[in-house]
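Undergrad: Pasted the sequence and its predicted model underneath.
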Amino acid sequence: MSRILKFLFLSLLCLLCSCERRPLVEDQGKVKVRVVLNTDSIANVTCGIYNDRVVPSLGMPGIFRVMFYERNTQEAVSQAFITRGGIDADGRVYYEGKVFVNPGSYDMVCYNFDTPSTLVRGENYKSSLEAFTSEIADNIYSRFKSRADAPEPVLYYEPDHLFVAREEVSIPDVNDEYLITTEARTIIDTYYIQLRLVNGQYASNAVAMITDLAPSNRFGMGEPEFGRYAGTYFEMYRSVDARIRAGENDVLCAVFNTFGKRPDHIAPTVESQLYISFNVLTRDGNSVEMTLDMDSIFKTPQAREKHWLLIDKEIVLPKPESGGFKPGVEGWDEQIGEIEIGK
């Protein structure tokens with residue numbers, strides 16, 4: 001054996017003798033988590049529909065994130081992603097998967113991880129786990145005129161439904177697989193809003209912004225954010241309301257989502273200014289805006305019990321001017337949709 005080969009052999013032998021084999025991941029005990037999805041009683045989505053021509057789609061989540069937090073420090077100690085498992089005896093979809101976590105007592109939080117508009121931050125601690133949406137683009141602000149008698153809110157896109165489960169769990173030290181079953185419900189409030197529309201055939205696009213709504217939700221603790229003055233932006237549609245006298249039943253309406261309205265009994269950090277602004281673009285390029293106080297509307301029985309915001313006012317669009325041409329958007333029409341209950 002040459003000197004070079006002998007040197008390499010001895011070096012390899014020393015390396016093998018000095019190293020200790022350790023597993024890359026220690027076995028922490030297998031826990032199976034099953035999240036049962038509950039979509040019952042979502043106002044204006046799965047129940048209490050005011051206008052069956054305007055029903056939002058509720059696609060089923062594809063994946064859930066499971067977080068385990070240490071009970072005293074609220075720090076994340078383990079997590080996993082679980083996917084759809086099947087349908088239980090009650091006909092409800094469930095999601096399940098295994099999580100590696102030591103025996104002990106934890107706060108568990110589960111939430112669906114596939115929401116396009118709803119974002120999540122602060123995952124490292126339960127107290128900072130927060131759902132939010134992005135601020136609207138700068139060009140959208142220009143569609144709403146400044147109100148001199150009210151502070152300017154920061155406007156955010158409306159959130160997607162976020163289904164959340166929170167449980168205090170105690171995992172025993174057992175050899176067999178341990179099953180944790182929990183139920184996830186949405187943390188989002190859904191409202192239906194409408195007002196009468198005159199000359200709706202001349203509209204090409206409509207949007208709205210409503211203020212004094214929570215911009216986020218610390219859902220690890222179950223606490224909507226009411227300390228900041230904010231608003232929610234959403235699109236509106238032309239439809240009809242058969243309850244209104246024939247010939248005058250055109251309406252401007254929408255179903256929109258929010259993290260919640262600031263309760264009346266909570267003292268805000270800024271003076272409450274609850275109003276809504278509508279902006280409608282006509283086919284000849286004009287813009288029509290209307291701003292209304294919403295405090296009395298939110299106090300009606302329909303709003304409190306069914307989340308119906310029915311405004312007994314009308315927005316009138318001007319007839320197109322004769323002669324000339326102004327660029328517009330064609331094809332804006334009434335919205336008709338249905339609920340998706342599976343993928």
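TA: Cool, got the structure.
Undergrad: give the contact list for V93.
TA: Contacts for V93 (Cβ atoms under 8 Å, 6 or more residues apart in numbering) come out as 36-37, 60, 84, 86-87, 342. The way it works is simple: take the backbone N, C-alpha and C, and place the C-beta from them, glycine included.
Undergrad: Try it again at 10 Å.
TA: Residues in contact with V93, defined by Cβ atoms under 10 Å, 6 or more residues apart in numbering, are 35-39, 60-61, 84-87, 341-342.
Undergrad: any idea which of the residues you listed has the most stuff around it?
TA: Using other Cβ atoms under 10 Å as the neighbour criterion, V35 leads those with 29 neighbours.
Undergrad: I figured that one hits F113, correct?
TA: No. Applying Cβ atoms under 10 Å as the test, V35 and F113 come out as separate, 11.4 Å apart.
Undergrad: Give me the common contacts of these two.
TA: The contact sets of V35 and F113 overlap at 61, 64-66, 82 (Cβ under 10 Å, 6+ apart).
Undergrad: and the residues you listed, which of them are in strands?
TA: Secondary structure defined by DSSP state E assigns 64-66, 82 of the shared contacts of V35 and F113 to strands.
Undergrad: which residues does K261 bridge with?
TA: Legend: beta-bridge partners of K261 under DSSP bridges are L213.
Undergrad: And it, how far from L119?
TA: The gap separating K261 from L119 is 21 Å, by Cβ to Cβ, to the nearest Å.
Undergrad: got it, and L252?
TA: From L252 to L119 the distance is 29 Å (Cβ to Cβ).
Undergrad: Between the two, tell me which one has more neighbours.
TA: Neighbour totals were compared for L252 and L119, and L252 leads with 25 against 15 (other Cβ under 10 Å).
Undergrad: Quick check, the more buried one in contact with I276.
TA: No. L252 is beyond contact range of I276, at 11.3 Å (criterion: Cβ under 10 Å).
Undergrad: what is in contact with the two at once?
TA: Contact criterion Cβ under 10 Å, 6+ apart; residues shared by L252 and I276: 193, 195, 208, 290, 311.
Undergrad: quick one: which of the residues you listed is most hemmed in?
TA: Busiest of the shared contacts of L252 and I276 [other Cβ under 10 Å] is I193, holding 26 neighbours.
Undergrad: re earlier: can I get the contacts of V93 in TSV with pLDDT, secondary structure and distance to E305?
TA: Listed next are those as TSV, based on pLDDT from 0 to 100; DSSP: H, G, I helix; E, B strand; the rest coil; distance: Cβ to Cβ, whole Å:
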residue	pLDDT	secondary structure	distance to E305
V35	98	strand	29
V36	98	strand	27
L37	97	strand	25
N38	97	coil	20
T39	95	coil	20
M60	87	coil	27
P61	94	coil	28
R84	86	strand	33
G85	86	strand	35
G86	93	strand	35
I87	94	strand	31
I341	41	coil	25
G342	43	coil	29
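Undergrad: thinking again about what came up before, going by distance to T282, which of the shared contacts of V35 and F113 wins?
TA: Nearest to T282, judged by Cβ to Cβ, of the shared contacts of V35 and F113 is P61 at 39.1 Å.
Undergrad: Go through stretch 294-305 and flag the buried ones.
TA: Within stretch 294-305, the residues scored as buried using 16 or more other Cβ atoms under 10 Å are 294, 297-298, 303.
Undergrad: Which single one of the residues you listed is nearest to M221?
TA: The closest of the buried residues of stretch 294-305 to M221 turns out to be F298 (Cβ to Cβ; 24.9 Å).
Undergrad: Pretty sure the closest one sits against T258.
TA: No. Contact criterion Cβ under 10 Å: F298 and T258 do not qualify, at 11.7 Å.
Undergrad: Now do the shared contacts for those two.
TA: Common neighbours of F298 and T258 are listed as 191, 210, 307 (criterion: Cβ under 10 Å, 6+ apart).
Undergrad: so can I have CSV of these showing secondary structure?
TA: Output for these, formatted as CSV (DSSP: H, G, I helix; E, B strand; the rest coil):
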residue, secondary structure
Y191, strand
I210, strand
H307, coil
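Undergrad: For those, which single residue is the most surrounded?
TA: Within the shared contacts of F298 and T258, most neighbours by other Cβ under 10 Å means I210, with 27 neighbours.
Undergrad: And the pLDDT for that one?
TA: At I210, the model reports a pLDDT of 96.
Undergrad: Let me see the contact set for it.
TA: 153, 155, 158, 191, 193, 231-234, 254, 256, 258, 261, 274-278, 292, 294, 298, 309.
Undergrad: Give me the buried entries from those residues.
TA: Going by neighbour count (16+ other Cβ under 10 Å), those have 153, 155, 158, 191, 193, 231-234, 254, 256, 258, 261, 274-278, 294, 298, 309 buried.
Undergrad: Which members of the shared contacts of L252 and I276 are positioned in strands?
TA: Those of the shared contacts of L252 and I276 lying in strands (DSSP E): 193, 195, 208, 290, 311.
Undergrad: and which of those residues is nearest R71?
TA: I193 (42.0 Å).
Undergrad: how much space between the residue nearest to the closest one when sequence neighbours are not counted and K98?
TA: Nearest residue to I193, sequence neighbours excluded (Cβ to Cβ, 6 or more residues apart in numbering): L309, at 4.0 Å. L309 sits 45 Å away from K98, going by Cβ to Cβ.
Undergrad: now the strands for the stretch 51-200 of the chain?
TA: Secondary structure of the stretch 51-200 of the chain (DSSP state E, counting those that start in this stretch): strands located at 63-70, 76-87, 93-100, 104-112, 119-121, 130-132, 154-157, 163-171, 178-186, 189-198.
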